[in-house]
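K.L.:
My questions are about this predicted structure, shown below with the sequence.
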Amino acid sequence: MIEMFDVWKTYPNGTNALKGINIRIEKGEFVYVVGPSGAGKSTFIKLMYREEKPTKGQIFLGGFNVSRIKEGQIPFVRRSIGVVFQDFKLLPTLTVYENVAFAMEVIETPTKLIKPRVMDVLGLVKLKHKAKMLPNELSGGEQQRVALARALVNNPGIIIADEPTGNLDPETSWEIMKLFEEINQRGTTVVMATHNREIVNTIRKRVVAIEAGTIARDEQRGEYGYED
Amino acid sequence: MKIRTLGRHAREGVKNLGRNGWMTFASISAVMITLLILGVFLILALNVNHVAKTIENQVEIRVFLDVLADKPAVDQVEAEIRKLPQVNTITFISKEEGLKQFKESLGEKAYLFEGLENENPLPDSFVVKTKLPQDTSTVAKQIEKIQYVSGVNYGAGTVEKLFTATATIRNVGIVFIVGLSFTAMFLIANTIKLTIVARRREIEIMKLVGATNWFIRWPFFVEGLLMGIIGALVPIILLGAGYFYLLDAMQTNITLALFKLLPLFPLVYQVALALLAIGAFIGIWGSLVSVRRFLRV
């Protein structure tokens, strides 16, 4: 599903963020990406949804050679990926429903398909009853659930999450993690960069540790392994 | 693109206009001033051209023959003039005919020349017209060299001056218009830049969920286009009304009535079309300039 071959990333300022990454993530896997800040986690995540382009190497994702595609093709790669961020990235002037529907509208989904699908996904994240509220009327956890609903609404095969619990209190974090597990059990691949030691050590999944731009560890049912 | 999507882009574009009301107003005003000046120059240039053409078509060479020239000599001169490739028509005017025309041109004072018929002082002459008005002076000089030709007369200088005037108006107009167009484009680009900054987050999300670049671009494109077109409408109305009153005033004023200006139609249509096209062009260009810089992935 996702494969990287000898992927290097050097930023224009000379920083070597990644130095020869090789990895294979199967369809339906749940992978934590851990490691110290500035070790290359974010770059690794950004390469997948083609926010960044590798300096060297090949990246394959859902049938696309992401490292080689033309600019005009990027939107179509992104349609097969749902992305969730630490800061939710919701539109403050749109309601919960509109925020989720927005993701369907901008890829020109026929109108009649939008409403049932949005309500379905809001049901999945248990926010149907708050569909008409604005993001700032919701708690952080609820906002992240809206963001997750938006990431899921176009039925992507892969969910990429960059520190999805970074802004949430522990209790809310568990709720969100439960949702990620549920989504994963339905067959969606999940790749999650995280700093949350407790979560990684409790919900045991594959752990990929990135240190100084290389993969330092790659273990099935691994541990967080850092003291921070 | 689907019709529904087009409707969405149009709605978004209109919404964008309101988002930065004052900047939109400034941009549209800039387009208006640009196009108003452009329109004035356009109408001026077209009319000067028109007047110049009318005068050009009246340009002719009067060839006076030696009084001693007899019938064969006259025929010979005519044949030689006809040989010149630039010559279009040649008309013979006998001395009697010439006197009659001369008297007619004097009107009431023609009686002064009463009785000259028996002792006509005028020579026989030809009226020569060239195919191109610009060849007039060359042809006149060549005819002057022909035997039995005593002199030529043509409106030397007048036509050239008119051409210079037309060219000057055109050049000054172009300089003004290019400068003002850039100003207007710059302002439109800036306004759209503001809307883009205001909607940065929205655009970011659109990109993340896989909206195509064109889908993101369209509303800004519509916004620019609308600013250009709205900016063109006011000058079109002002120029149309202004020209209508100008024509009206000239018709009632006897001295001004001598200038035959272009009629209101189709001139107004042509100018309106030109201004709309240029307004739309400025708007689209301005929007594309700022969108391109901001939408890099």
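P.N.:
Received, thanks.
K.L.:
And the pLDDT at the spatially most central residue of chain A?
P.N.:
Among the residues of chain A, the smallest C-alpha distance to the mean C-alpha position (Cα atoms, centre = their mean) belongs to A:I160, namely 1.7 Å. On pLDDT, A:I160 comes in at 95.
K.L.:
try A:L90
P.N.:
A:L90 is assigned a pLDDT of 93 by the prediction.
K.L.:
Give the full set of residues in contact with the nearest residue to A:L134 once chain neighbours are set aside.
P.N.:
What sits nearest to A:L134 in space, not counting adjacent residues and going by Cβ to Cβ, 6 or more residues apart in numbering or on different chains, is A:T95, at 5.9 Å. Bear in mind the C-beta positions are built from the backbone N, C-alpha and C, glycine included. Contacts were defined as Cβ atoms under 8 Å, 6 or more residues apart in numbering or on different chains; by that measure A:T95 touches A:A131, A:K132, A:M133, A:L134.
K.L.:
which one of these is nearest A:K9?
P.N.:
A:K9 has its nearest neighbour among the contacts of A:T95 in A:L134, at 37.9 Å by Cβ to Cβ.
K.L.:
Hmm, the closest one is touching A:P92, no?
P.N.:
Yes - A:L134 is within contact range of A:P92, at 6.9 Å (criterion: Cβ atoms under 8 Å).
K.L.:
Comparing these two, which residue is more hemmed in?
P.N.:
Neighbours per residue (other Cβ atoms under 10 Å in any protein chain shown) separate A:L134 from A:P92, with A:L134 holding more: 16 against 9.
K.L.:
Give me the phi and psi angles of the more buried one.
P.N.:
Its backbone dihedrals place A:L134 at phi -90, psi 150, with angles given as degrees, to the nearest 10.
K.L.:
swap in A:T188?
P.N.:
phi -80, psi 130.
K.L.:
how many neighbours does it have?
P.N.:
Other residues close to A:T188 by other Cβ under 10 Å number 20.
K.L.:
what do you get for B:Y245?
P.N.:
Other residues close to B:Y245 by other Cβ under 10 Å number 9.
K.L.:
Around A:K89, how many other residues sit close by?
P.N.:
By other Cβ under 10 Å, the burial measure for A:K89, its neighbour count, is 16.
K.L.:
Next, the residue nearest to the centre of chain A: secondary structure please.
P.N.:
The three-state label for A:I160, taken from DSSP: H, G, I helix; E, B strand; the rest coil, comes out as strand.
K.L.:
Roughly how far does it sit from B:L36?
P.N.:
When Cβ to Cβ, to the nearest Å is applied, the distance between A:I160 and B:L36 equals 54 Å.
K.L.:
Kindly report the same for A:V66.
P.N.:
Distance, A:V66 to B:L36, using Cβ to Cβ: 52 Å.
K.L.:
And these two? Which one has more around it.
P.N.:
Legend: neighbour count by other Cβ under 10 Å for A:V66 and B:L36, higher for A:V66 (23 against 20).
K.L.:
Name the nearest residue to the more buried one, ignoring sequence neighbours.
P.N.:
A:I59 (4.3 Å).
K.L.:
pLDDT of the host helix or strand of that neighbour, averaged?
P.N.:
Taking DSSP states H and E as the definition, A:I59 sits inside strand A:56-61. Per-residue pLDDT values over strand A:56-61 give a mean of 94.
K.L.:
quick one, helices of chain A?
P.N.:
With helices called from DSSP state H, chain A shows them at A:41-48, A:74-78, A:96-105, A:111-124, A:140-152, A:170-185, A:197-202.
K.L.:
picking that back up, the strand holding A:I59: how far from the chain's middle?
P.N.:
From the chain centre to the centre of strand A:56-61 is a distance of 18 Å (Cα atoms, centre = their mean, to the nearest Å).
K.L.:
burial measure for A:E175, as a count.
P.N.:
Using other Cβ under 10 Å, A:E175 has 16 neighbouring residues.
K.L.:
An error on my part: the question was meant for B:L6.
P.N.:
12.
K.L.:
Distance of the nearest residue to B:T54 once chain neighbours are set aside relative to B:Q58?
P.N.:
Setting aside the residues directly before and after it, B:T54 is nearest to B:K260 in space (Cβ to Cβ, 6+ apart), at 6.4 Å. Between B:K260 and B:Q58 the distance is 12 Å, computed by Cβ to Cβ.
K.L.:
tell me the mean pLDDT for stretch B:177-188?
P.N.:
Throughout stretch B:177-188, pLDDT has a mean value of 80.
K.L.:
got it, and stretch A:179-188?
P.N.:
Per-residue scores along stretch A:179-188 average to 94.
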